[in-house]
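**Student:** model the structure of this input:
(2 chains)
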Protein chains: 2
Amino acid sequence: MNNTNKYETLDPENWDKLKTLAHQMIEDSFNYIQTIEERPVWQQYPAEVRNHFSSKAPLEPNSIENAYKEFVDKILPYPMGNIHPRFWAWYMGNGTVQGALAEFLASIMNSNLGGGNHVAVLVEEQVINWMKEIIGLPSDSSGLLVSGASMANLVGLTVARNTKAGFNIREEGLQNAPHKLIVYSSSEVHSSNQKAIELLGLGKNSFRLIPVNDDYSININTLSQAIKEDRKEGYKPICVIGNAGTINTGAIDDLNAIADLCEQENLWLHVDGAIGAIAMLSDKVKPLLSGIERADSVASDLHKWMHIPFEAGCILVKNNEDHRNTFSLTPEYLTHETRGLPGGHLWFSDYGIQLSRQFRALKVWMSVKEHGLKRFGRMIDRNIEQANYFADLVKKDSEMELVAPVGLDIVCFRFNPGGLNDEALNKLNKEILMQLHERGIAVPSYTTLNGRYCLRIAIANHRSKFEDFDLLAREVVRIGREVH
Amino acid sequence: MNNTNKYETLDPENWDKLKTLAHQMIEDSFNYIQTIEERPVWQQYPAEVRNHFSSKAPLEPNSIENAYKEFVDKILPYPMGNIHPRFWAWYMGNGTVQGALAEFLASIMNSNLGGGNHVAVLVEEQVINWMKEIIGLPSDSSGLLVSGASMANLVGLTVARNTKAGFNIREEGLQNAPHKLIVYSSSEVHSSNQKAIELLGLGKNSFRLIPVNDDYSININTLSQAIKEDRKEGYKPICVIGNAGTINTGAIDDLNAIADLCEQENLWLHVDGAIGAIAMLSDKVKPLLSGIERADSVASDLHKWMHIPFEAGCILVKNNEDHRNTFSLTPEYLTHETRGLPGGHLWFSDYGIQLSRQFRALKVWMSVKEHGLKRFGRMIDRNIEQANYFADLVKKDSEMELVAPVGLDIVCFRFNPGGLNDEALNKLNKEILMQLHERGIAVPSYTTLNGRYCLRIAIANHRSKFEDFDLLAREVVRIGREVH
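**Tutor:** I've put the predicted structure just below:
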């Protein structure tokens, strides 16, 4: 007890002063989101700001008021931009103020969802049950909220690997495997799946990327042929990854056809539904996803089209036992009991990689309680309508063209005034994209399809208005002409 | 545009009404934490509460005020308990109100730290640089904030596997590996490392658990011998995991001896510093961790002894290129640019599993700005003093005994009134633990060391006072006598 103060803590010295600041944070944050549309979608932070973040860690205390002032001056003005109604890059949601408040409440409780007997477990369990209802998986399926679809795909593919390998992978690993395990998906599959396959020690060479049809969905005949050829080679096919909304063009594979094939060939069907699975809430999209309920595992993202603040993903696994057998590991210090805190009927650490886990279920739970599922469905429908509305604007304009069919809420297009070859068009369209960003007008992203660079909008945005797409069409042509 | 309202959003219909609720949440949350000590550390939720969370997902909207009321009635009273000054189970931090506020601000911005050119990247980069300063790794090391040490260990071990394998693991996988890869640690290593090794396809059989000395640190001679024997068998040793604070007893391996051996044998040194790495901030502990700066990768947890709300872990890797080569994967739709939002000098998705990543750096950044590193060091020192203070109480009491040496802030002890065999003592001590929990007095956890069940307190708690340990000693003996 020599050089420490017996009663020093990390709690505030003056609670009332901190509370005053907290109320100010609420005021500022509400104002920030309420006025978001008046500001540029994105802006480059100045060099001065970059330099600001190069200082060493402070040794002595400062006031949190000063730290907050730094936040307001140097951080808050330069967000990624996905909270803005004209942000349509990559694939993200907006989040909501309500979700941020729920995240605050979860952090106040600071419960650890790795295990133990406390109420947050019931909340996560309920949210997972709701996800089963939405996707159409049986009520005795298992599930886990995770950081996002990258992790959901990894968890799903780990269960697939361990369940279908035909030997004890947890004990033996893949070293000295009796046969080479093979996984299949379309060439449009998201890179997170390749990352998972590399991590799992399967190797990229064991991941067959099957060509797609004109609508960017997997070619089932080629898939079936590839499986046969691999068997002929003495390999062991274990899993097909079906895509419910590809990242490039929003394409949905024929999930029933894949499910038929998987049944026939005794393969695991994992569905990467990062983009599309939650669109089961849309009456229009639901029929296109038919077959998803036949999957052995489904990955979905709730921070995309459900607009939960980052991070919120979900993995569902049809066979609870397969799931648990893949991840459960219980040393002495984690023994589950039947009483006290170490009781509890469900330890989520038995179902995934993390032991300490935040209470991420609360923001999902409160959002669903507030909005109800139908409103989420309507938001999804409107985004799809907006994609088609914008595609019509493109089609009607002689200086623009679609580069791929509209898939769900994703439109790939380019400015094409005529008389330019693909190389020149690629350069021109990249310049248009940069200027849209740099002028803070709108934030599409980009991809390259068959060698053609295109602007790409993915409209997972509950704040976008139809007028925002009129503006985008106008500005693309205006900047296109300027640059050309 | 038929059945959707053109302007419906997930934003509140009435911002002012939501703001009033948000201010109420601040008041309630402050009151909740300020009065935490007056409530039981833990309490069992009633059956009525369990039933409450079995309802199906609502289809129609409800008010967020109602959802919040449900939260206050059914959720808030039943936290895990780690926010309380007498919670010492497993290994967790308390969190802080300031951290929860920072989490709110991060969710308001809702920036995605997977990639792109925006200020949150600078904040995470700065926090990682601070971690390098603290641990003593070179400034050109790479790093990543992750969900916690389970993930940090997985990332570090993935880089170790891919770098030291001697063949292209990302392409080839471990199927047909030319030699069996072997990883080493002490028998006290945390289970998350075994989970990582299983996930990576190495298999538990390739994980050598080396016996420990009396102080629960790894026996270096046995380790050295095991490596030699594996080489003789034709296997390829690739990595040793050093433990900086074991979960059972807080033991610290001789990291310099391991580092010497790793240099000699050309092995990767990964340090699992979930518990102890951050204790580099304590002048007393720092010398015990000597050698940590020689590691190739170090995993640490900031939601433990730094009391950042869940989740916050960190992985540092000495060789940036090894780290990047393990995880970077850049398809067309994620091409990094030099201008606009897709610019940015650092894409964290190149360094880990996640693509979408929340702005978890902000809560760390604000905490360090407010408290300064020295205060964290003092909090750590005091917890260690408290562990020794409590151990003295145990030693002085004829009815209690230590079951292991005090390691850092961890004390393993049991009630032992004399005249009982181990089996009876195990049963008796388990009952004491359950009653401590069920009566809401204190929340230690438990482990089994050499067949002896013991109560275990891990004091990562900035709210614990010395008096809390007097109370624990008194209550253990009181309940022990009652039960006996």
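**Student:** not counting its neighbours along the chain, what's nearest A:Gly451?
**Tutor:** A:Asp422 (6.2 Å; C-beta to C-beta, 6 or more residues apart in numbering or on different chains). For the C-beta atoms, the positions are set from N, CA and C on the backbone; glycine is no exception.
**Student:** neighbours of that neighbour, how many?
**Tutor:** 13 (other C-beta atoms under 10 Å in any protein chain shown).
**Student:** ok, A:Glu482 next?
**Tutor:** There are 10 residues near A:Glu482, going by other C-beta under 10 Å.
**Student:** need the pLDDT of it.
**Tutor:** You'll see A:Glu482 listed with a pLDDT of 96.
**Student:** any idea whether it is helix, strand or coil?
**Tutor:** helix (DSSP: H, G, I helix; E, B strand; the rest coil).
**Student:** and A:Arg456, by the same measure?
**Tutor:** Quick answer, by three-state DSSP: A:Arg456 is strand.
**Student:** tell me how many other residues surround A:Asn168.
**Tutor:** Using other C-beta under 10 Å, A:Asn168 has 12 neighbouring residues.
**Student:** whoops, A:Asp381 was the one
**Tutor:** Going by other C-beta under 10 Å, the residues that sit close to A:Asp381 add up to 21.
**Student:** what helix or strand is it located in?
**Tutor:** In this structure, A:Asp381 is located in helix A:361-396 according to DSSP states H and E.
**Student:** hang on, the earlier thing: measure the residue nearest to A:Gly451 to chain B for me?
**Tutor:** 15 Å (C-beta to the nearest C-beta, to the nearest Å).
**Student:** neighbouring strands - and their directions - for the helix or strand following the helix holding A:Asp381?
**Tutor:** Following helix A:361-396 in sequence order, the next helix or strand is strand A:400-402 (DSSP H and E). Taking DSSP bridges as the criterion, strand A:400-402 forms sheet pairs with strand A:410-415 (antiparallel).
**Student:** how far is the next helix or strand after the strand it pairs with from where the chain is centred?
**Tutor:** Moving toward the C-terminus from strand A:410-415, the next helix or strand (DSSP H and E) is helix A:422-438. Relative to the centre of its chain, helix A:422-438 is centred 27 Å away, using C-alpha atoms, centre = their mean, to the nearest Å.
**Student:** mind checking how far the closest residue to A:Glu65 other than its chain neighbours is from B:Val97?
**Tutor:** Of all residues not flanking A:Glu65 in the chain, A:Leu21 sits nearest, at 5.9 Å (C-beta to C-beta, 6+ apart). As defined by C-beta to C-beta, to the nearest Å, A:Leu21 lies at a distance of 10 Å from B:Val97.
**Student:** show me which of those two is the more surrounded one.
**Tutor:** Ranked by neighbour count (other C-beta under 10 Å), A:Leu21 and B:Val97 place B:Val97 first, with 26 against 18.
**Student:** what helix or strand is the residue nearest to the more buried one when sequence neighbours are not counted on?
**Tutor:** Excluding the flanking residues, the one nearest B:Val97 by C-beta to C-beta, 6+ apart is B:Ile33, at 5.4 Å. For B:Ile33, the element it lies in under DSSP H and E is helix B:15-34.
**Student:** contacts for that helix, please.
**Tutor:** Identification of contacts with helix B:15-34 by C-beta atoms under 8 Å, 6 or more residues apart in numbering or on different chains yields A:11, A:15, A:18-19, A:22-23, A:26-27, A:30, A:34, A:97-98, A:101, A:104-105, A:108, B:12, B:64-65, B:68, B:72, B:76, B:83, B:97, B:100.
**Student:** how about stretch A:57-70?
**Tutor:** By C-beta under 8 Å, 6+ apart, stretch A:57-70 touches A:12, A:17-18, A:21, A:24-25, A:52, B:98, B:130, B:133-134, B:365-366, B:368-375.
**Student:** got the buried residues for stretch A:420-429?
**Tutor:** Neighbour counts over stretch A:420-429 (16 or more other C-beta atoms under 10 Å in any protein chain shown) mark A:Leu425, A:Asn426, A:Leu428, A:Asn429 as buried.
**Student:** over to stretch A:216-224?
**Tutor:** Buried-residue list, stretch A:216-224, by 16+ other C-beta under 10 Å: A:Tyr216, A:Ser217, A:Ile218, A:Asn219, A:Ile220, A:Thr222, A:Leu223, A:Ser224.
**Student:** stretch A:437-447 too?
**Tutor:** In stretch A:437-447, counting by 16+ other C-beta under 10 Å, buried: A:His437, A:Glu438, A:Gly440, A:Ile441, A:Ala442, A:Val443, A:Pro444, A:Ser445, A:Tyr446, A:Thr447.
**Student:** which single one of those is nearest to chain B?
**Tutor:** A:His437 (3.4 Å; C-beta to the nearest C-beta).
**Student:** close enough to count as contact, that closest one and A:Pro40?
**Tutor:** No: taking contacts as C-beta atoms under 8 Å, A:His437 lies outside contact range of A:Pro40: 9.2 Å.
**Student:** now do the shared contacts for those two.
**Tutor:** Contacts common to A:His437 and A:Pro40, judged by C-beta under 8 Å, 6+ apart, are absent.
**Student:** flag the shaky bits of the stretch 1-150 of chain A, pLDDT-wise.
**Tutor:** By pLDDT under 70, the weakly predicted segments of the stretch 1-150 of chain A are A:1-4.
**Student:** how about the strands in it?
**Tutor:** Ranges of strands in the stretch 1-150 of chain A, per DSSP state E, counting those that start in this stretch, are A:87-88, A:142-146.
**Student:** now these in JSON lines, with mean neighbour count and distance to chain B?
**Tutor:** Formatted as JSON lines, those follow (neighbours: other C-beta atoms under 10 Å in any protein chain shown; distance: least, C-beta to the nearest C-beta, whole Å):
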{"stretch": "strand A:87-88", "mean neighbour count": "30", "distance to chain B": "9"}
{"stretch": "strand A:142-146", "mean neighbour count": "27", "distance to chain B": "9"}
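**Student:** what backbone torsions are found at the nearest residue to A:His179 once chain neighbours are set aside?
**Tutor:** Nearest residue to A:His179, sequence neighbours excluded (C-beta to C-beta, 6+ apart): A:Lys236, at 4.3 Å. With angles defined as degrees, to the nearest 10, A:Lys236 sits at phi -120, psi 100.
**Student:** can you pull the contacts of A:Lys236?
**Tutor:** Applying C-beta under 8 Å, 6+ apart, the residues near A:Lys236 are A:Lys164, A:Ala165, A:Gly166, A:His179, A:Lys180, A:Leu181, A:Ile182, A:Asp230.
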